[in-house]
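# coords please:
(chains A and B)
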Amino acid sequence: MSILFTGRATGAAAKKIGLMRRFIMFWLNHARQAVASLGELWRTPSASVLTIAVLGVSLTLPATLHLLVKNMQQISSSFTQAAEISLYIREQTPDNQVQSLVTILQADPAIAQVIFVSKQDAMTEFQQLSGFGAALNYLETNPLPDLVRVLPKNTEPQAAQALLQRLSSERIVEVAKLDIDWLTRLNAIVSMLQQAVAIIALLLLSAVLLIIGNTIRLSIMNKKDEIEVMKLVGATDAFIQRPFLYTGVWFGIFGGLLAFLVVEMMLWWLQSAISNVTALYQSDFSLQAMSFSEFLTLLLIAVMLGLMGSYLSVRRHISAIEPTGP
Amino acid sequence: MLQFDQVSKSYPGGFVALDRISFRLEKGEMAFLTGHSGAGKSTLLKLISLIERPSAGRVLINDIELSRIKRSQIPYVRRDVGIIFQNHRLLMNHTVFDNVALPLVIEGFTGKEMVKRVHAALDKVGLLDKVRCLPATLSGGEQQRVGIARAVVNKPPLLLADEPTGNLDPDLSKDTMRIFEAFNQVGVSVLVATHDLGLVARMKYRTLTLKQGRMINDGLLQYQEPV
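Numbering: from 1, shown residues only, chains lettered A, B, ... in the order given. Next comes the predicted model:
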């Protein structure tokens, strides 16, 4: 396009090339500039490595916190027993009535599982676990009641509470108990942690944005002369800023990859320590690593931050550089 | 091709760099712009390359007023004007080829067409054998010629040169001027700012002389042998 000389064929537009070919060339040019930006990073290894390391560490923290919350949720969801309702049966209730209650409960759509523990079973279990052992033999009668343990389908505190109300009105049920308080507390703690993680992540991600913006600003300042020359020979701002944008994208990619590696190494390191702890609690908890989609999300966020950081910097600083004289 | 119509330029603080300058450079014409340092030569070139805007008057290239050019259009105007700088302003960490190819890359040239044009431009200034060198390994005259090749590689209709011989010895200066003459002969309009009055007078081209921002001479300069 020539503004001054209509009809003066300039640039690649002067040659008649097909739309398809131009489309291919467009992407080819972008790929070439991306590789050129990568080469630029390669030529200044110490500065690039430092920036990437800072980005990697800044991204590692939110990623780790995310995994922490994810594993916490897994733990809390494995505590469904917490929403277990214990129905203590009135003394001297005939066995057939208890059995029919169990059958009715098993058919109830709101109930996932019903376990009947007879007073004899309860006594045996108590003897084994309590440590009183033989001392219990001196009891003349078994003081323990029959027990029906009910696992609701919906373990939400409110739903469990509603079920509790319903079951406690059964005639042969003396007391119905649901340990619901600590479940609500756990839920509250998990959601508080989630919010704290969100805030910390937001802060760290803005730090990433600023770091990339500042790094790009420095590299623009370093190339001030070059940018002036390019402007003098007719480069548009868009043309000049493209390599810097690609640099930002590369920073994002490498920072994201580094964060992923650090998180993986940390998990590997903690794996044995955590399995020791969980073994002590007789839990089948296994540490959840980053899934592939989470890895992609991390990388995408890093790249977007890189692009945004460099864009903010480039917009301000490249148009501010004006050639001062021929 | 290039027209100044009552153009003035004053800087903040009241310094008047150009005072009601009017002249017209025809298509295919070659002219010199002379005057002492501070006479306004650089300011005049800055107005053409849109580094500065005039305080009053009109600058026209090909009958298009430059004041109508928006900021976003400036790059496209600069592609139509080849500029040669006194300190040649090459990218020192890029090869001669990359330097000369820069205006073409900016315009979207790729591949064989670009290589062909770069080689043609370097051939015209006699530097085809230095295509892979870094500018730092070249002599001053050669660097200046790389600058010339870069200015002409996309065949601009108008060529500006700011003190192109400022750092060169007389022989090299003469060679450089010959290169400009060669471009002029193929139809390019050339405006050369220089304070090398002896050279200007020997070349016998139209000469515009500035003094303290005013045009004091427009025409052939009479050469006086220094006593």
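# Chain A contacts on chain B?
For chain B, the residues in contact with chain A (CB under 8 Å from any CB of the partner chain) are B:42, B:45-46, B:49, B:51, B:61-62, B:64, B:69, B:72-73, B:75-80, B:83, B:85-86, B:89-91, B:102-103, B:106-110, B:113, B:150, B:154, B:157, B:160, B:162. The way it works is simple: take the backbone N, C-alpha and C, and place the C-beta from them, glycine included.
# again, only this time at 7 Å
B:42, B:45-46, B:49, B:51, B:61-62, B:64, B:69, B:73, B:75-80, B:83, B:85, B:89, B:91, B:102-103, B:106-110, B:113, B:150, B:154, B:157, B:162 (CB under 7 Å from any CB of the partner chain).
# In PyMOL, how would I select just the buried ones from these?
Command for PyMOL that selects the buried part of the residues of chain B next to chain A, burial taken from 16 or more other CB atoms under 10 Å in any protein chain shown:
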select buried, chain B and resi 42+45+46+49+51+61+62+64+69+73+75+76+77+78+79+80+83+85+89+91+102+103+106+107+108+109+150+154+157+162
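# Which of the residues of chain B next to chain A fall within helices?
Among the residues of chain B next to chain A, the members falling in helices (DSSP state H) are B:42, B:45-46, B:75-79, B:102-103, B:106, B:113, B:150.
# Those: which two are farthest apart?
Spatial extent of those (CB to CB) is set by the pair B:42 and B:113 at 34.5 Å.
# Let me know the secondary structure of the residue nearest the centre of chain A.
When CA atoms, centre = their mean is applied to chain A, the residue found nearest the centroid is residue A:66 (3.8 Å). Classification of residue A:66 by DSSP: H, G, I helix; E, B strand; the rest coil places it in helix.
# Same list, the ones in helices among the residues of chain B next to chain A, but as JSON lines with pLDDT please.
JSON lines is the format used below for these (pLDDT from 0 to 100):
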{"residue": "B:42", "pLDDT": "86"}
{"residue": "B:45", "pLDDT": "90"}
{"residue": "B:46", "pLDDT": "90"}
{"residue": "B:75", "pLDDT": "90"}
{"residue": "B:76", "pLDDT": "89"}
{"residue": "B:77", "pLDDT": "89"}
{"residue": "B:78", "pLDDT": "90"}
{"residue": "B:79", "pLDDT": "89"}
{"residue": "B:102", "pLDDT": "91"}
{"residue": "B:103", "pLDDT": "91"}
{"residue": "B:106", "pLDDT": "86"}
{"residue": "B:113", "pLDDT": "84"}
{"residue": "B:150", "pLDDT": "93"}
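# Off-centre distance for stretch B:40-56?
13 Å (CA atoms, centre = their mean, to the nearest Å).
# Dump the C-alpha coordinates for it into PDB.
Written as PDB, here are the backbone C-alpha positions of stretch B:40-56 (Å, rounded to 0.1, in the frame of the first residue of the first chain):
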ATOM      1  CA  GLY B  40      18.000  24.100   9.200                       C
ATOM      2  CA  LYS B  41      19.100  21.300   6.800                       C
ATOM      3  CA  SER B  42      18.200  18.500   9.200                       C
ATOM      4  CA  THR B  43      14.900  20.100  10.200                       C
ATOM      5  CA  LEU B  44      14.000  20.300   6.600                       C
ATOM      6  CA  LEU B  45      14.700  16.600   6.100                       C
ATOM      7  CA  LYS B  46      12.800  15.800   9.300                       C
ATOM      8  CA  LEU B  47       9.700  17.500   7.900                       C
ATOM      9  CA  ILE B  48       9.900  15.300   4.800                       C
ATOM     10  CA  SER B  49      10.300  12.100   6.700                       C
ATOM     11  CA  LEU B  50       7.600  13.100   9.200                       C
ATOM     12  CA  ILE B  51       9.800  13.000  12.200                       C
ATOM     13  CA  GLU B  52       8.700  16.600  12.800                       C
ATOM     14  CA  ARG B  53       5.600  18.500  11.700                       C
ATOM     15  CA  PRO B  54       5.800  22.100  10.400                       C
ATOM     16  CA  SER B  55       4.600  25.000  12.500                       C
ATOM     17  CA  ALA B  56       3.200  26.700   9.500                       C
END
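# who's in contact with it?
Here stretch B:40-56 makes contact (CB atoms under 7 Å, 6 or more residues apart in numbering or on different chains) with A:323, A:325-326, B:2, B:6-10, B:17-18, B:21, B:33, B:35, B:59, B:66-67, B:69, B:74, B:77-78, B:81, B:83, B:160, B:162, B:193, B:210, B:213.
# what do you get for stretch B:25-38?
Outside stretch B:25-38, the residues that touch it by CB under 7 Å, 6+ apart are B:1-2, B:41, B:44, B:180, B:184, B:187, B:189-195, B:197, B:200, B:205-211.
# who's in contact with residue B:134?
Taking CB under 7 Å, 6+ apart, one finds residue B:95 in contact with residue B:134.
# which residue does chain B bring closest to chain A?
residue B:107 (3.2 Å; CB to the nearest CB).
# Give me the pLDDT value at that residue.
Note on residue B:107: pLDDT of 84.
# Isn't it up against residue B:156?
No. Residue B:107 sits out of contact with residue B:156 when judged by CB atoms under 7 Å, with a separation of 11.2 Å.
# now stretch A:193-210: mean pLDDT?
In the prediction, stretch A:193-210 has an average pLDDT of 89.
# so residue B:7, which of the three states?
Applying three-state DSSP: residue B:7 is strand.
# For the nearest residue to it once chain neighbours are set aside, list the residues it contacts.
Distance criterion CB to CB, 6 or more residues apart in numbering or on different chains; nearest residue to residue B:7, sequence neighbours excluded, is residue B:57 at 3.5 Å. Applying CB under 7 Å, 6+ apart to residue B:57 gives the contacts B:5, B:6, B:7, B:8.
# Assign a three-state SS to residue B:57, would you?
strand.
# ranges for the helices of the stretch 201-326 of chain A?
A:224-232, A:237-280, A:292-318 (DSSP state H, counting those that start in this stretch).
# In strands, which of the contacts of stretch B:40-56 fall?
B:2, B:6-10, B:17-18, B:21, B:33, B:59, B:81, B:83, B:160, B:162, B:193, B:210 (DSSP state E).
# before we move on, the earlier item: right, and out of the ones in helices among the residues of chain B next to chain A, which lies closest to residue A:41?
Using CB to CB, residue B:102 is the member of these that lies nearest residue A:41, at 21.3 Å.
# Correct me if wrong: that closest one contacts residue B:147.
No. Counting by CB under 7 Å, residue B:102 stays clear of residue B:147, with 11.2 Å between them.
# how about the residue of the stretch 201-326 of chain A found nearest chain B, what does it touch?
Closest to chain B within the stretch 201-326 of chain A is residue A:234: 3.7 Å, counting by CB to the nearest CB. Contacts of residue A:234 were listed using CB under 7 Å, 6+ apart, and they are B:75, B:76, B:78, B:79, B:103, B:106.
# Give me the distance between it and residue B:96.
19 Å (CB to CB, to the nearest Å).
# Over to residue A:184?
Counting by CB to CB, the gap from residue A:184 to residue B:96 is 75 Å.
# which SS state does whatever residue of the stretch 51-200 of chain A ends up closest to chain B fall under?
In the stretch 51-200 of chain A, the residue found nearest to chain B is residue A:51; the distance is 20.4 Å by CB to the nearest CB. Assigned by three-state DSSP, the conformation of residue A:51 is helix.
# what number of residues lie near it?
By other CB atoms under 10 Å in any protein chain shown, 23 other residues sit near residue A:51.
# just for chain A, where's the confidence low?
A:1, A:6-18, A:77-83, A:282-285, A:325-326 (pLDDT under 70).
# Which stretches in it count as strands?
A:85-89, A:111-117, A:147-152, A:173-178.
# Distance to residue A:28 and mean neighbour count for the ones you listed - can I get that in TSV?
As requested, these are exported to TSV (distance: least, CB to CB, whole Å; neighbours: other CB atoms under 10 Å in any protein chain shown):
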stretch	distance to residue A:28	mean neighbour count
strand A:85-89	67	21
strand A:111-117	60	15
strand A:147-152	62	20
strand A:173-178	67	16
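# I figured residue B:6 was touching residue B:23, is that so?
No. The criterion here is CB under 7 Å, and residue B:6 misses it with residue B:23 at 10.8 Å.
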